[in-house]
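1. got a predicted structure here, sequence first:
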Amino acid sequence: MEPSNIEQPAKVYYVGIRREDKSVWERRVPLTPQDVQFIIQKYPNIHFIVQPSTKRIFKDKDYAAVGATLDEDLSKCGVILGVKEIPISALEPEKTYLFFAHVIKAQEAGMPLLDALLEKRIRLIDYEPIKDHSGKRLVAFGHFAGNAGAIDFLSGIGKILLANGFSTPFLQIGMTYTYYNLAEAKEGILKVGKRIVDDEIPTRYQPMIFAVTGSGRCADGCLEILKLLPHKIVAPEELADIVAAKGSPEQKTTIYITQILPQHMVEPDGNFAFDKADYYERPNSYRPIFHEKYLPYISVIFNCIFWDARYPRLITCEQMQKLAEGRDSRLFGVSDITCDFEGSIEFLKRFTTIDQPFYVYDPIDMKIYDDPKDCPQGILYESVDHLPSELPYDASVYFGSKLRGFIAPITYSDVSKPLVEQGLPPEIERAVVTLNGELTPNFSYITRLREANEKLKASKNYTAGGLKQMKRVKSFASIRIEGHLFDTLALNKIVDGLTTMMVKFSFIEWIVGKNNEQPSSVVLQVYSKEMDTFLEVLEFLEGVAEKSNLTLQIDK
């Protein structure tokens, strides 16, 4: 996508591409040499300076060949591009930076970086909120996360089956990063698919059923890989019959693939029909069914769903334990591509790395083991949160093709003017987070969310991360609070009141209005050992809600 009719000023402009240094595995680039060449040919007064790197997927000589200058010093550049967060010490004042900053949700780890961006009067354009008018992200790596999550886990299947005494063609599938690009990986998986037909799936694992949750770019990327194997697409409703027909000739050479959508995860808790939009709006009106109706038949889950605390979990630890104790589980693997810690799948208990991509979860004793050999009957789990970096070539080519059309208007824009007068495309203007030492109007909510987080941390009864284990007791509730939490000081009153009452509480999910006119919402988890105190808390919250015109939705 490229804005048209861009007037080219007479002066020379410099754009920098920095060397990635956050992770040894980060080999992606924001623009490929071909993207740089495209921009230089179309806008001859834009010059590129590229920091040398020995680990990029594209070599220094490739950038030099298309006219870029290789130099450590990016001080001449008004615009500097990266992929991941940039060290504070490397930030130069009053420049324009583009990278994934991880600050727009007031993430605690990103606040020192945000402070530095403000202090140095940097114009930050964050890739994450670059969206079209409908809210669809324009520069993202989700599809490649799905690709890598599927490839990695097919490799992991070979390891867990070997730990159980079975040598299979899955052992010939490497981790994603061992392939130069996606095409090479797909070619290798196709060959393994032919071997699976020749060698047959071990009887113990027939029928082998893969379930992909969700329907977005991540799920599409996952399905793209799985469909390279000898497969049959089936509906979730067919799974019980497929398992009942164990031993049929088809199952020896076929992997069954099913897609789990919201209607397979929950059902209405009442006399009304399932409606996806209604479920997203009123999740408390639905009850989980996946663990009962479909999970007992599935071999491997590729988890690609968006989830937050408003929604029922796909699988809880207790649901998984009950199935395992009753010998009603066939599940031996989970590739958790969305990577929500103790999220939609509660037994995501730790993140894994590209160096050590798997752990094994014992669903009965709820313990984690590092090596499949130590718990061969357990569930192999992958939870790498930077999967696209395993496909640096394809991810960079795609990313750069989406980004390059915006480089000229960003470079030519007048940063000295107010944001709306700088001449930025609307997609980019909406993604400017900091400017001239201040948060832009679209992101002014970060200040309020940050203040709320700091106030909560100061409360001695506040528990970070949620009170997940307390959901088993009677005097526990999740309460969604919605309204003007900040400008009415309602949030302050709630925190002060709960602290005085000596109850444990946690805020586990925020949706913050972008300005004072828009309401905010948060999920409050509150727990008390005494039921009388708990009821007092609820009465207190109702009083604050009435005075501040808030709405409460209580899910005990």
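-> Cool, got the structure. Note that this is a predicted model, so its numbers are computed, not measured.

2. low-confidence regions, the stretch 301-450 of the chain specifically.
-> Applying pLDDT under 70 to the stretch 301-450 of the chain flags residues 309.

3. assign a three-state SS to the spatially most central residue of the chain, would you?
-> The central residue of the chain, meaning the one whose C-alpha is nearest the mean C-alpha position (C-alpha atoms, centre = their mean), is Thr338 at 4.8 Å. Reducing the assignment at Thr338 to three states with DSSP: H, G, I helix; E, B strand; the rest coil gives coil.

4. what of Gly146?
-> Secondary structure state of Gly146, per three-state DSSP, is helix.

5. residues contacting it?
-> Applying C-beta atoms under 8 Å, 6 or more residues apart in numbering to Gly146 gives the contacts Arg217, Cys218, Ala219, Asp220, Gly221, Cys222, Leu223, Glu224, Ile225, Phe302, Cys304, Ile337. (Each C-beta comes from the backbone N, C-alpha and C, glycine too.)

6. export the host helix or strand of the second one to CSV, keeping only CA atoms.
-> Under DSSP states H and E, the secondary-structure element containing Cys218 is helix 217-226. Below are the C-alpha coordinates for helix 217-226, written out as CSV (Å, rounded to 0.1, in the frame of the first residue of the first chain):
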residue,chain,number,x,y,z
ARG,A,217,-4.1,-15.2,10.2
CYS,A,218,-2.4,-17.3,12.8
ALA,A,219,-4.8,-20.2,12.2
ASP,A,220,-4.5,-19.9,8.5
GLY,A,221,-0.7,-20.1,8.7
CYS,A,222,-1.0,-23.2,10.8
LEU,A,223,-3.4,-24.9,8.5
GLU,A,224,-1.2,-24.1,5.5
ILE,A,225,1.5,-26.3,7.0
LEU,A,226,-0.7,-29.1,8.4
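
7. neighbouring contacts of it?
-> Residues outside helix 217-226 that contact it (C-beta under 8 Å, 6+ apart) are 140, 142-147, 149-151, 154, 185-186, 189, 210, 212-213, 255, 257, 259, 302, 304, 335, 337-338.

8. could you rerun that using 7 Å?
-> Taking contacts as C-beta atoms under 7 Å, 6 or more residues apart in numbering, the residues outside helix 217-226 that touch it are 142-147, 149-151, 189, 210, 212, 257, 302, 304, 337-338.

9. so which of the contacts of Gly146 comes closest to Arg204?
-> Of all those, Phe302 has the smallest distance to Arg204: 21.2 Å, by C-beta to C-beta.

10. check the gap between the closest one and Phe141 for me.
-> Using C-beta to C-beta, to the nearest Å, one obtains 17 Å as the distance from Phe302 to Phe141.

11. next: Thr440.
-> Taking C-beta to C-beta as the measure, Thr440 and Phe141 are separated by 24 Å.

12. which one's more surrounded, these two?
-> Residue environment comparison for Thr440 versus Phe141 gives the larger neighbour count to Phe141, 27 against 18, counting by other C-beta atoms under 10 Å.

13. for that one, give me its contacts.
-> Phe141 neighbours (C-beta under 7 Å, 6+ apart): Pro388, Ala395, Phe399.

14. convert the C-alpha atoms of the host helix or strand of the second one to CSV, please.
-> Element membership for Ala395, per DSSP H and E: helix 392-412. Taking only C-alpha atoms (Å, rounded to 0.1, in the frame of the first residue of the first chain), the coordinates of helix 392-412 have been written out as CSV:
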residue,chain,number,x,y,z
PRO,A,392,13.1,-14.3,9.0
TYR,A,393,13.2,-14.4,5.2
ASP,A,394,9.5,-14.8,4.5
ALA,A,395,8.4,-12.6,7.5
SER,A,396,10.8,-9.8,6.4
VAL,A,397,9.7,-10.0,2.7
TYR,A,398,6.0,-9.8,3.7
PHE,A,399,6.5,-7.1,6.3
GLY,A,400,8.7,-4.9,4.1
SER,A,401,6.1,-5.1,1.2
LYS,A,402,3.5,-3.7,3.6
LEU,A,403,5.8,-1.0,5.1
ARG,A,404,7.7,0.3,2.2
GLY,A,405,4.9,2.4,0.8
PHE,A,406,4.8,4.5,4.0
ILE,A,407,8.5,5.3,4.2
ALA,A,408,8.5,8.3,1.8
PRO,A,409,5.5,10.1,3.4
ILE,A,410,7.0,9.5,6.8
THR,A,411,10.4,10.7,5.7
TYR,A,412,9.0,13.8,4.0
